[in-house]
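J.: no FASTA, just this:
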């Protein structure tokens, strides 16, 4: 929840000096950490951002996992699934390359 985020950030900033005193972390000049302080206000104003919504990546994971599993022979499927995903990526990159080459030709 947004209240939980604000509370967690307040607790962190209250206690972060301990991490420096114990030489666990030298400094906290970290851009992403600084950006966290603006998330609650941004979400209240504009709603959740697409980059922080896990619905699409989760659905892609499910789709790819199912397709990769169905492409396997169901024995030692983890290795086959990983190889299938590598092949899918290679086909995509190959297609993207040729699509880019085709679009750069002036005669088509």
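T.: Yes, it's here. This is a predicted model, so every value here is computed, not measured.
J.: ok, then the element right after the helix or strand encompassing residue 8?
T.: For residue 8, the element it lies in under DSSP states H and E is helix 2-21. Using DSSP H and E, the helix or strand that follows helix 2-21 in sequence is helix 31-46.
J.: Mind listing what's buried along that next one?
T.: Along helix 31-46, these residues count as buried under the neighbour rule (16 or more other Cβ atoms under 10 Å): 36, 39. Backbone N, C-alpha and C define where each C-beta goes, glycine included.
J.: Show me what the longest helix anywhere in the chain is packed up against.
T.: Of all the segments of type helix in the chain, defined by DSSP state H, the longest one is helix 77-104. Here helix 77-104 touches helix 55-71, going by 3 or more Cβ pairs under 8 Å, 6 or more residues apart in numbering; DSSP states H and E.
J.: coming back round to it: identify all contacting residues around the helix holding residue 8.
T.: The list of residues contacting helix 2-21 from outside it, by Cβ atoms under 8 Å, 6 or more residues apart in numbering, reads 25, 26, 27, 28, 36, 37, 39, 40, 43, 44.
J.: roughly how far is it from the heart of the chain?
T.: 24 Å (Cα atoms, centre = their mean, to the nearest Å).
J.: Compute the inter-axis angle for that helix and helix 31-46.
T.: Relative orientation of helix 2-21 versus helix 31-46 (axes from the mean of the first three to the mean of the last three Cα atoms, to 10 degrees): 170 degrees.
J.: low-confidence ranges in this structure?
T.: Across the chain, the ranges flagged by pLDDT under 70 are 49-54, 56-57, 105-108.
J.: can we see that at 80?
T.: For the chain, applying pLDDT under 80 flags the ranges 25-34, 47-61, 97-108.
J.: coming back round to it: quick check: the farthest pair among the contacts of helix 2-21?
T.: Greatest spatial distance in the contacts of helix 2-21: 26 and 44, 33.3 Å, computed using Cβ to Cβ.
J.: check contacts around residue 40.
T.: Neighbouring residues of residue 40 by Cβ under 8 Å, 6+ apart: 2, 5, 6.
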